[in-house]
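Participant: Would you be able to build a 3D model of this:
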Amino acid sequence: MNLIRRLIRRLFGGQRHRLLDRTLDRPKVNRTEIASLEAGEIPAEFLWLSADVDRHFHQWLVGVDAFVEQPLTASETGLLEAFEQLIQGEHGSTNLVPRLPTVVPQLMRSLKDETITGARLSRQIEKDPVLVGEAIRLANSPFYRRRRKIESIEQAVVLLGHNGLRQLIARVAFYPILNLQTGHVTKLVGPRLWSQSEKCALVCRCLARKERSDPFVAYLAGLVNNLGLLVGFRLMDRLLVARPDALPGSCEFYRRFIAQAGRLSHRIVEEWGFPEAVAVALDEKAANRFDDSLSLLGRILYVGDEYSKIQILLDVDRMPSEVDLAEMVGDPCYHELTAA
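Facilitator: The predicted model follows:
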């Protein structure tokens, strides 16, 4: 049975509807052994298959019709080695790794103050026209289902509440990082990564609410899930500046590149001092952990990532027909994406 279908049945089917009570039905993997094998020696269940959502998503992400099953080229090997050096802190271009936007901790501290009034929050937000516009846009989104249009920042602040405002601040703060367009590659992948990150965050928030977990922490995990991947593409831009047409095209390159990017995402959020649950979930995802020790947020992030990629592939008409979506489309958290 398809991995996605097994996942959906495990997570949402039957009487046992809570993520915390479930295991993901996938064999345990010794990733150290897998990483040391040649591509042709890796067990088939761990290779990208023709119906694999990740493979189709990343092909769309970099603007190619298909990756090629072939050995790594010298250029691809060099890129992977340079990326590994950056992850290990051995690469000279450390400015490729983004810094935490200063507005995030400052405004988060304000929102933790339970005595702060809506009027005071409104005055703080009014200083930033972008925050004002986003607050009113979010308050009028289908998620809040308002009969009357919200037109003032005061009304928006009351409606959104502290959790909604934290989500808003995170979205505005991370937009310039995840939508970065500095070179040939990032001009293409930046907006696409941002779109997927936003969608992933929305699903994670919904799933966390269902599980009575912190919806903002889950939203944050979904939003920063692609940090390492974006850094990898920025590095690619820098190293391929003289040959922008030399974009890697092999399956093996992207398998390794995406795994490296996951490790870097985990490192970045640790350095930023994010909640431990976010760092753990990113670490689990980077390690491809699918056993019964997976954390609740790790499971939420996995589903959010899959749902968001599936919705994008459907939107751009690149969804593989082999994937059965029948059980997934009944989940209310998936419908968050169509209503956003």
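
Participant: helices and strands around the strand or helix carrying C200, which ones?
Facilitator: Under the criterion of DSSP states H and E, C200 resides in helix 184-210. In this structure, helix 184-210 packs against helix 53-61, helix 153-178, helix 215-223, helix 227-239, helix 296-315, helix 332-339, with contacts taken as 3 or more Cβ pairs under 8 Å, 6 or more residues apart in numbering; DSSP states H and E. C-beta here means a position set from N, CA and C on the backbone, and glycine is covered the same way.

Participant: Tell me who's in contact with the spatially most central residue of the chain.
Facilitator: For the chain, the residue nearest the mean C-alpha position is N225 (3.4 Å; Cα atoms, centre = their mean). Contact analysis of N225 by Cβ atoms under 8 Å, 6 or more residues apart in numbering lists 197, 200, 265, 282, 285, 301, 305.

Participant: And those residues, which of them are buried?
Facilitator: 197, 200, 265, 282, 285, 301, 305 (16 or more other Cβ atoms under 10 Å).

Participant: Make JSON lines out of the residues you listed and add pLDDT and distance to Y175.
Facilitator: Below are the buried ones among the contacts of N225 laid out as JSON lines (pLDDT from 0 to 100; distance: Cβ to Cβ, whole Å):
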{"residue": "S197", "pLDDT": "92", "distance to Y175": "10"}
{"residue": "C200", "pLDDT": "94", "distance to Y175": "15"}
{"residue": "S265", "pLDDT": "92", "distance to Y175": "17"}
{"residue": "L282", "pLDDT": "94", "distance to Y175": "20"}
{"residue": "K285", "pLDDT": "88", "distance to Y175": "22"}
{"residue": "L301", "pLDDT": "93", "distance to Y175": "20"}
{"residue": "D305", "pLDDT": "92", "distance to Y175": "19"}
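
Participant: re the thing from before, with distance to K127 added, can I get the contacts of N225 in JSON lines?
Facilitator: Converted to JSON lines, the contacts of N225 look like this (distance: Cβ to Cβ, whole Å):
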{"residue": "S197", "distance to K127": "26"}
{"residue": "C200", "distance to K127": "30"}
{"residue": "S265", "distance to K127": "31"}
{"residue": "L282", "distance to K127": "32"}
{"residue": "K285", "distance to K127": "36"}
{"residue": "L301", "distance to K127": "33"}
{"residue": "D305", "distance to K127": "35"}
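
Participant: about what we covered before: let me know which of the helices and strands packed on helix 184-210 is tucked in deepest.
Facilitator: helix 215-223 (a mean of 25; mean count of other Cβ atoms under 10 Å).

Participant: So which elements touch it?
Facilitator: Using 3+ Cβ pairs under 8 Å, 6+ apart: helix 215-223 touches helix 153-178, helix 184-210, helix 276-286, helix 296-315.

Participant: Name the residues of the third one that are buried.
Facilitator: Read that as helix 276-286. For helix 276-286, the neighbour count (16+ other Cβ under 10 Å) marks 277-286 as buried.
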